[in-house]
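> give me the fold of what follows.
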Amino acid sequence: MNEQIISFLKDLQENNNRDWFQKNKERFDTLRHFFLEEVQLLINRIASFDPKVAGVEAKDCIFRIYRDIRFSPNKLPYKNHFAAYISAGGKNSEYAGYYLHMEPGNSLLSGGIWCPPSPLLKKLRRDIYDNMDEFLEIIEKQEFKAVYPELDGEQLKRMPVGFPADYPYDYILKHKDFCVYTSKPDSFFAQPDWMEQAVEDFKKLFPFNRFLNYSVDEFNGRV
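Sure, this is the predicted structure:
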């Protein structure tokens with residue numbers, strides 16, 4: 001049924017308006033229910049190697065399809081993707097997690113921490129700086145780089161305050177997010193073993209998330 005999700009999203013891209021959506025609401029509800037079940041299965045599989053997500057419910061991880069257009073120049077009412085962020089606490093958590101994004105022409109798997117609040121970002125940078133050898137060992141590992149070749153997200157133009165300007169790994173500490181991703185073709189989710197492949201990619205991501213989540217736990221006084 002994932003092929004039907006992609007097909008629905010293609011139709012939505014061409015008909016992003018309330019009249020079309022209301023006429024196809026039953027179709028959307030059926031596909032969303034299927035996606036919810038698939039995400040729950042994925043959570044259970046991830047929990048086998050990352051205990052932080054054990055007991056997390058899919059309904060707390062799936063993003064709504066309705067866009068918040070109040071302050072956006074883009075007034076299209078619906079998102080053109082299905083997505084879920086699997087982490088301790090669900091999609092609104094500060095914890096590093098596992099992101100699934102189904103969008104025609106722009107599907108991906110991703111993970112890490114995106115857009116942390118400033119105090120947590122400072123903590124993450126300091127911990128990475130203090131444990132750079134460990135962090136590099138994770139992100140430079142061959143099997144990791146084969147799937148997640150580089151850190152993603154925005155970067156500062158200058159070294160953040162409190163770190164030496166001539167630091168050789170300044171390109172890491174300049175990041176505002178600590179995320180990685182791997183692009184997938186639309187056909188990826190149509191494969192009968194797509195979940196097994198996704199789980200394998202997320203297993204490679206686990207040491208990265210574990211490193212970041214130790215900092216989040218310390219930040220929240222849980223270590």
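> now the end-to-end length of stretch 45-57.
Taking Cα to Cα, to the nearest Å, stretch 45-57 runs 13 Å from one end to the other.
> any regions of this structure where pLDDT drops low?
223 (pLDDT under 70).
> would you mind measuring from F206 to R126?
23 Å (Cβ to Cβ, to the nearest Å). Yep, even glycine has a C-beta here, placed from its N, CA and C like the rest.
> pick out whichever of those two has more residues nearby.
For F206 versus R126, neighbours defined as other Cβ atoms under 10 Å are more numerous around F206 (18 against 15).
> assumed that one was part of a helix.
Yes - with DSSP: H, G, I helix; E, B strand; the rest coil as the criterion, F206 is part of a helix.
> so who does it touch?
Residues in contact with F206, defined by Cβ atoms under 8 Å, 6 or more residues apart in numbering, are F49, D50.
> separation between the nearest residue to Q191 once chain neighbours are set aside and T182?
Nearest residue to Q191, sequence neighbours excluded (Cβ to Cβ, 6 or more residues apart in numbering): Q197, at 7.2 Å. As for Q197, its distance to T182 is 10 Å (criterion: Cβ to Cβ).
> and these two? Which one has more around it.
Neighbours were tallied for Q197 and for T182 using other Cβ under 10 Å; the higher tally belongs to T182 (17 against 14).
> and the residue nearest the centre of the chain, what helix or strand is that in?
The chain has Y99 as the residue nearest its centroid, 2.8 Å off, counting by Cα atoms, centre = their mean. In this assignment (DSSP states H and E), Y99 forms part of strand 97-102.
> chain center to the helix or strand just after that strand, what's the gap?
Using DSSP H and E, the helix or strand that follows strand 97-102 in sequence is strand 107-113. Centre-to-centre, strand 107-113 and its host chain are 3 Å apart (Cα atoms, centre = their mean, to the nearest Å).
> helix, strand, or coil at the residue of the chain most remote from its centre?
What lies farthest from the middle of the chain is D166; by Cα atoms, centre = their mean that is 31.4 Å. Here D166 is coil, with the state taken from three-state DSSP.
> now the one 5 residues further on
At Y171 the chain is in helix, as set by three-state DSSP.
> hang on, the earlier thing: confirm the residue nearest to Q191 sits in a helix?
Yes - membership of Q197 in a helix is supported by three-state DSSP.
> now the strands for this structure?
With strands called from DSSP state E, the chain shows them at 82-86, 97-102, 107-113, 178-184.
> output the second one as CSV, nothing but the C-alphas.
Extracted in CSV, the C-alpha atoms of strand 97-102 (Å, rounded to 0.1, in the frame of the first residue of the first chain):
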residue,chain,number,x,y,z
GLY,A,97,15.7,9.8,16.8
TYR,A,98,14.8,8.2,13.5
TYR,A,99,13.0,10.1,10.8
LEU,A,100,10.9,8.6,8.0
HIS,A,101,9.8,10.8,5.1
MET,A,102,7.7,9.7,2.2
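> for that strand, name the packing helices and strands.
If contacts are counted by 3 or more Cβ pairs under 8 Å, 6 or more residues apart in numbering; DSSP states H and E, strand 97-102 sits against helix 2-14, helix 25-46, strand 82-86, strand 107-113, helix 194-219.
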